[in-house]
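In: only geometry, no sequence info:
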């Protein structure tokens, strides 16, 4: 597991599986989070790749198997996220077969939509 993945997992709290909504987790990234370094100096913004990795961390925690990103189907970013902001990820999964799933993530902060991400993911044996 990469250093970034470990840090992202450490920022995740309250992972639950809701039958209707899917996986739900809260994330709060501290000022010292690796992802903020250089993105952007003086006004740290959480990179999109960190949001994608957060979805993968949620899937791994739920499935107890390591996911591998096969494709970013779409990624739309609506609002920036800075340090110490709590954001909520809601991830719906649809199985294509026994090893591949499609994951759709909605990321919010209160009523504010932060991002929508759609991924194709496979699980390693």
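Out: Cool, the structure landed. Note that the structure is predicted; figures quoted are calculated from it, not measured.

In: make it CA atoms for all contacts and neighbour counts henceforth
Out: Will do.

In: what about the longest helix in the chain?
Out: helix 48-63 (DSSP state H).

In: For that one, which outside residues touch it?
Out: 5, 8-9, 15, 23, 25, 35, 66-69, 77, 89, 91, 105, 117 (CA atoms under 8 Å, 6 or more residues apart in numbering).

In: Sitting in helices, which of those do you find?
Out: Among those, the ones falling in helices (DSSP H) are 5, 8, 9.

In: Can you say which of the residues you listed are buried?
Out: Among these, those classed as buried by 16 or more other CA atoms under 10 Å are 8, 9.

In: Can you pick out the most distant pair from the contacts of helix 48-63?
Out: For the contacts of helix 48-63, the maximum inter-member distance is 25.6 Å, found between 66 and 77 (CA to CA).

In: In strands, which of the contacts of helix 48-63 fall?
Out: Judged by DSSP state E, these include 15, 23, 25, 67, 68, 69, 77, 89, 91, 105, 117 as members of strands.
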